[in-house]
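Engineer: Sequence first, predicted coordinates after that:
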Amino acid sequence: MDMEEQLQYVVEKIKSIRLKKGCSQMELSLRSNLSQSFIANVEKGKKQPSVLTLMKIANALEVNPHDFLPEPFEFDAKEWAKERTKEKIIKLLETL
């Protein structure tokens, strides 16, 4: 997941959690002490929330800030090595 995809994930999670909680943007704005237009721009991906902002939003929604973040990417070195070996074998066979 690249940085843009991660940011998109975060803003979608903020909106999703807000809606699940039945909270309007205005209500979230009042609870978090952030402007309603800023909340709207975050949810549209036009503004990138800082860590402090994520903490304010999480506190206002009564969730853990971690709830906004994607799970860490698991790198499987053995699987990667197998795929690279397959690719090399296929390329080698293509030259025959």
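Structural biologist: Cool, got the structure.
Engineer: now the helices: where do they sit in the protein?
Structural biologist: Using DSSP state H, the helices of the chain run over 3-20, 25-32, 36-43, 51-61, 77-94.
Engineer: and of these, who's closest to Pro70?
Structural biologist: helix 3-20 (4.8 Å; Cβ to Cβ). In short, each C-beta sits where N, CA and C put it, glycine included.
Engineer: Buried ones in the closest one, by neighbour count?
Structural biologist: 10-11, 14-15, 17-18 (16 or more other Cβ atoms under 10 Å).
Engineer: Which neighbouring elements make contact with it?
Structural biologist: helix 36-43, helix 51-61 (3 or more Cβ pairs under 8 Å, 6 or more residues apart in numbering; DSSP states H and E).
Engineer: how big is the angle separating the longest one from helix 3-20?
Structural biologist: Going back to what we said before, that points to helix 51-61. 20 degrees (axes from the mean of the first three to the mean of the last three Cα atoms, to 10 degrees).
Engineer: I'd like the mean pLDDT over helix 51-61, please.
Structural biologist: Confidence for helix 51-61, expressed as mean pLDDT, is 96.
Engineer: coming back round to it: got TSV for the helices of the chain, with distance to Leu69 too?
Structural biologist: Formatted as TSV, those follow (distance: least, Cβ to Cβ, whole Å):
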stretch	distance to Leu69
helix 3-20	7
helix 25-32	18
helix 36-43	14
helix 51-61	8
helix 77-94	24
